[in-house]
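Asks: My questions concern the predicted model and sequence given below.
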Amino acid sequence: MTISIGIDTGKGFHWACAVDETGAVLLSRKVLNQILQYHLSLQSQS
């Protein structure tokens, strides 16, 4: 299964969306800036 993820960045918060290969939405949610920055910093360390 292929999953594509998009992130719309904003000042107060971001919006994340994930879809499968058929275009069905698997996830669509608000993400606080601090949470996204934390997860991206973890990925860059590995």
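Replies: All right, it came through fine.
Asks: which residues does the most centrally placed residue in the chain bridge with?
Replies: Among the residues of the chain, A16 comes closest to the average C-alpha position under CA atoms, centre = their mean, at 3.8 Å. Beta-bridge partners for A16, by DSSP bridges, are I7, R29.
Asks: Next, the contact list for it, please.
Replies: If you count contacts by CB atoms under 8 Å, 6 or more residues apart in numbering, A16 has them with 5-8, 27-29, 31, 36. All C-beta spots, glycine's among them, are computed from the backbone N, C-alpha and C.
Asks: List only buried entries from those residues.
Replies: Neighbour counting by 16 or more other CB atoms under 10 Å classes V31 among the contacts of A16 as buried.
Asks: Throw the contacts of A16 into TSV and include distance to Q43 and pLDDT, thanks.
Replies: What follows is those, written out as TSV (distance: CB to CB, whole Å; pLDDT from 0 to 100):
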residue	distance to Q43	pLDDT
I5	12	93
G6	16	94
I7	13	90
D8	19	93
L27	17	94
S28	21	96
R29	19	93
V31	14	84
L36	11	65
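Asks: Return the closest of the contacts of A16 with respect to E21.
Replies: Distances from E21 to those, taken as CB to CB, are shortest for I5 (12.9 Å).
Asks: contacting residues around the closest one?
Replies: 16-18.
Asks: Kindly recompute the last result at 7 Å.
Replies: 16, 18 (CB atoms under 7 Å, 6 or more residues apart in numbering).
Asks: How about the one 3 residues further on?
Replies: By CB under 7 Å, 6+ apart, the contact list for D8 reads 14-15.
Asks: Would you check how far apart it and G23 are?
Replies: Distance, D8 to G23, by CB to CB, to the nearest Å: 17 Å.
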